[in-house]
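In: I'd like to go over a predicted model; first the sequence, then the structure.
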There are 2 protein chains.
Amino acid sequence: MTNIRDIAKMAGVSVTTVSRVMNNHPYVSEEKVSAVKAAMKKYNYHRNINAVHLSKGKTHLIGVVVPFSNHPYFGLLIEGIANAALDQNYKLALIQTSYEKAKEMEALKMLEDKQIDALIICSRVCEWDVIESYREYGPIILCEDARNDKISSTFIDHHKTFTMALDYLYKKGHQQIGYTIGRQTGTNSKQRETAYKDFLERFALRYEPSYIFTSRFNVEDGVKVVENLLDMKNRPTALLVTSDQVAAGILTGCRENGLFVPDDLAIMSFDNQPISKVMHITTLEIPFVEVGKKLFQQALNGQGVSHEEVQVRLIERQTV
Amino acid sequence: MTNIRDIAKMAGVSVTTVSRVMNNHPYVSEEKVSAVKAAMKKYNYHRNINAVHLSKGKTHLIGVVVPFSNHPYFGLLIEGIANAALDQNYKLALIQTSYEKAKEMEALKMLEDKQIDALIICSRVCEWDVIESYREYGPIILCEDARNDKISSTFIDHHKTFTMALDYLYKKGHQQIGYTIGRQTGTNSKQRETAYKDFLERFALRYEPSYIFTSRFNVEDGVKVVENLLDMKNRPTALLVTSDQVAAGILTGCRENGLFVPDDLAIMSFDNQPISKVMHITTLEIPFVEVGKKLFQQALNGQGVSHEEVQVRLIERQTV
DNA sequence: GTATGGTATGAAACGCGTTTCAGAGCAAGA
DNA sequence: TCTTGCTCTGAAACGCGTTTCATACCATAC
């Protein structure tokens, strides 16, 4: 393999000059530029990017932590981040954790080892202080409400959003409202839980544990929600569903079991993925492209701590 | 930042010994091991991974090229590859091309620059000879039938599979069969087209161009297929659909427009994603985890050219 | 007693591009 | 004439871990 020194020798210049040519620095005479370029071409020279990385102390790689990549929510987030990254000539290192703490730690270690320039954590399991202790090694960006903390974030105020959705359902006459959610832990889930309890209190409604369906991630989980509903004596009249996938499953389950939507059960969902449009599911749109772009921007800027709130938008369709 | 030489000095050993300790080489006395470890701990030493990369000439990064990451097909593929990669302590560099040639070239350049150890291309736009010309820089693995070529692949024989599916539909009494597909170009699509034409010829059936629906990727595209069908005088009685997403859209569209499945229209789909189970769609299961694992294995082994065929499995449900 | 081989250790070379610093040459302004 | 201030160039240092090679010691093996 030819290296920069070989090229310098062949072109009759110094390595500095070759480096300058490669990086389009000014102050290189035209003759030398062409001599260097000719030599590079002749010897099919390609610079060793790892040497560049070592030298510059940067990799142009951004780590992205997701629990799964096949889930539309994270798929969309990845898509958004990847698009923003490509524009800036950055690459993405995908780290799939399956919510295992050890895998998440590995991602943090990659930052520590300078294998990545910044880390975007789309959903975390590690505790705050653990993540914070890695902040010194590079920018860490979270995709959850971290306004009270010293780590940058792009987030949706899920308390606000959930409250808005619940109020909307209440106004439509619903007083027995339940909800489905993925993980129980996690900032987003906690915010939603609080919003739910606040809502109940505000309207003096009773808390009914069976109205809350946890560990609901995909369509099949949605179908199972309906199975559960059928067994209940006193069903909720409306459900707030934190993913269009689950909502699609619930809708399908309802159809198969003779439950009419929205009359027997109203469904208000999240995300506004294509499936929700096709199935006419009322949903709260999350602007994934915008979220991805902001996450990436924060990862790039790095230094200071910033918090970017993203607004969701209610899309009224036919399930409420 | 402390480096290996600092540690060596602090521990009173040579850098070689420090390196050996880090890499668990034998032939280091216990006292020295502990001295080195103590020094590393005391100075919070972390090796610079870029220096390792440069030195070893490897990065433990595998490039994965996909057109989009939010599409379930590619999401699942990524998931499969990522799982296999994590097991072997490899990381994934995700390269999203949107089917733009320039982006795909960038991925090949990453291989050339040694930024990645191998490249898995899940769907390509570049011509054969372009890709082949980069083979000298490292393993390139394709996810399409490349048995006739000098590039490794893990693939599904789509001619065989399509033929099987068409025969199945024929046996069920269908003679007016259409199909939907994503891209028209690409090896997989070509194989399917050929299989379709061969099938028609074999049973002396007429080729009806309007029975072929191209550029169908997601649920919404499926709904539009139904809109098209409604305008047709002489509709197909069965449709082979190359993605469960599209099939879900078609099924939904049929329901809304009073078309009964399978009586008015039989649907045979591909992938066996969760949505197909929930909607009882008859489908051909693609074992994504297996595909991902094989792709990754080939990427790791590298040297020789190998071709791994993966079998699909018919899952009979209620749409045929 | 000598040959053989494993254990233990370190100096130095290696991989390779970037950047700092110093200096030379030349033109414009004082 | 002298000072600034570009433009252009290259030697050398820098980032840092790995690996080869040489060496030394000690223990079986013959």
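Out: Looks like it arrived, so ask away. Numbers count the residues shown, from 1 in each chain, chains lettered A, B, ... in the order given.
In: who are the contact partners of the residue of chain A found nearest DNA strand D?
Out: Ranked by CB to the nearest atom of the strand, the top residue of chain A for proximity to DNA strand D is A:S14, at 2.8 Å. All C-beta spots, glycine's among them, are computed from the backbone N, C-alpha and C. A:S14 is in contact with A:A8, counting by CB atoms under 8 Å, 6 or more residues apart in numbering or on different chains.
In: can you give me the distance of it to A:Y27?
Out: The gap separating A:S14 from A:Y27 is 13 Å, by CB to CB, to the nearest Å.
In: check A:N48 too.
Out: For A:N48, the distance to A:Y27 equals 24 Å [CB to CB].
In: higher neighbour count, the two?
Out: Taking other CB atoms under 10 Å in any protein chain shown, A:N48 and A:Y27 do not tie; A:N48 has more neighbours (17 against 6).
In: which residue packs closest to that one, ignoring adjacent ones?
Out: Using CB to CB, 6 or more residues apart in numbering or on different chains and skipping residues adjacent in sequence, the residue nearest A:N48 is B:K114, 5.8 Å away.
In: now that neighbour: which helix or strand?
Out: Counting by DSSP states H and E, B:K114 is held by no secondary-structure element, helix or strand.
In: wait, doesn't it sit right on A:V52?
Out: No: in this structure, B:K114 is not within contact of A:V52 by CB atoms under 8 Å, at 10.4 Å.
In: more neighbours: which of those two?
Out: Neighbour tally, B:K114 and A:V52, criterion other CB under 10 Å: the higher count belongs to B:K114, 22 against 19.
In: which residues touch the more buried one?
Out: Applying CB under 8 Å, 6+ apart, the residues contacting B:K114 are A:48-50, B:57, B:59, B:137-138.
In: tell me where the stretch 201-320 of chain A has helices.
Out: Here the stretch 201-320 of chain A has its helices, by DSSP state H, counting those that start in this stretch, at A:219-231, A:244-256, A:274-278, A:288-301.
In: right, and these - which one's nearest A:A266?
Out: A:A266 sits nearest to helix A:244-256 of all the helices of the stretch 201-320 of chain A, at 10.7 Å, using CB to CB.
In: do the closest one and chain B meet at all?
Out: Yes: Helix A:244-256 comes into contact with chain B (CB under 8 Å from any CB of the partner chain), by way of A:245, A:248-249, A:252-253.
In: circling back to that earlier point, any chance of a ChimeraX selection covering the buried ones in the contacts of B:K114?
Out: In ChimeraX, this line selects whichever of those come out buried by 16 or more other CB atoms under 10 Å in any protein chain shown:
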select /A:48,49,50 /B:59,137,138
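In: any chance of the contacts of B:K114 in TSV, plus pLDDT, distance to DNA strand D and secondary structure?
Out: Listed next are these as TSV, based on pLDDT from 0 to 100; distance: CB to the nearest atom of the strand, whole Å; DSSP: H, G, I helix; E, B strand; the rest coil:
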residue	pLDDT	distance to DNA strand D	secondary structure
A:N48	91	9	coil
A:I49	90	11	helix
A:N50	92	9	helix
B:G57	90	9	coil
B:T59	87	13	coil
B:Y137	87	20	helix
B:G138	90	17	coil
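In: what's the pLDDT at the residue nearest to A:N48?
Out: In this model, B:K114 is scored at 82, pLDDT.
In: how about the residues of chain A by DNA strand C?
Out: Counting by CB under 7 Å from any atom of the strand, chain A comes close to DNA strand C at A:1, A:3-5, A:15-16, A:18-20, A:22-23, A:47-48, A:51-52, A:54-56.
In: strands along the stretch 1-150 of chain A, start to end?
Out: With DSSP state E, counting those that start in this stretch as the criterion, the stretch 1-150 of chain A has strands at A:61-66, A:91-96, A:118-121, A:140-142.
In: what average pLDDT does the third one get?
Out: Mean pLDDT, computed over strand A:118-121, is 95.
In: now the last one
Out: When pLDDT is averaged along strand A:140-142, the result is 95.
In: partners of it in the sheet?
Out: Strand A:140-142 pairs in its sheet with strand A:118-121 (parallel), strand A:152-155 (parallel), by DSSP bridges.
In: need the contact partners of the first one.
Out: Translated: strand A:118-121. Contact with strand A:118-121 is made by A:62-65, A:81, A:104, A:107-108, A:110-111, A:131, A:134, A:138-143, A:295-296, A:299-300, A:302, as judged by CB under 8 Å, 6+ apart.
In: any of those buried? List them.
Out: For these, buried by 16+ other CB under 10 Å: A:62-65, A:81, A:104, A:107-108, A:110-111, A:131, A:134, A:138-143, A:295-296, A:299-300.
In: so how far is A:M164 from the closest residue to A:R313 other than its chain neighbours?
Out: Closest residue in space to A:R313, ignoring its immediate chain neighbours: A:E285 at 4.5 Å, by CB to CB, 6+ apart. Distance, A:E285 to A:M164, using CB to CB: 13 Å.
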